[in-house]
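Q: what's the 3D shape of this:
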Amino acid sequence: MRGLLATIYFKMETSEKELYKRFFRYLKEPFIRIVKEKGGIQRLPDPKYVIGSNFVDIGFAYDEENQRVILFSALDNLIKGGAGQAVQNMNITFGLDESLGLNYLPVYPI
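A: Take a look at the predicted model:
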């Protein structure tokens, strides 16, 4: 399995509802997916759900007691981290649809 998983901690006085509002702004982006399930298989981002795609999965948890946000992101470091990012940037540079040639579904299960 390949991929990158980042876990980021920071303090912020907010609420979980406000965080969802902030993150849902990114839904307009073609390769950003917000993971928001409270239960089930994919509660938080996992690299195995983005392998072979140009997607970045973002999710978070909020610790109200300590006013701490825990942010998670997962991407395929071969596609999004390298070749796919180059193709996406080339598409933007030449005025093409930025998702041209990159709309592949993740290859899960491996």
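Q: ok, the residue of the chain most remote from its centre to Q85 distance?
A: The outermost residue of the chain relative to its centre, with distances by Cα atoms, centre = their mean, is E65 at 25.9 Å. When Cβ to Cβ, to the nearest Å is the yardstick, E65 and Q85 sit 38 Å from each other. From N, CA and C alone the C-beta is placed, and that goes for glycine too.
Q: go on, T7?
A: Using Cβ to Cβ, we find T7 at a distance of 21 Å from Q85.
Q: Span of stretch 25-33 from start to end?
A: Start and end residues of stretch 25-33 are separated by 11 Å (Cα to Cα, to the nearest Å).
Q: returning to what we had before: give me the more crowded residue out of T7 and Q85.
A: A side-by-side neighbour count of T7 and Q85, using other Cβ atoms under 10 Å, places Q85 first with 15 against 10.
Q: residues contacting that one?
A: N54 (Cβ atoms under 8 Å, 6 or more residues apart in numbering).
Q: In which helix or strand does the residue farthest from the centre of the chain reside?
A: Taking DSSP states H and E as the criterion, E65 maps to no regular element, lying outside all helices and strands.
Q: Show the backbone phi and psi for it.
A: phi -60, psi -40 (degrees, to the nearest 10).
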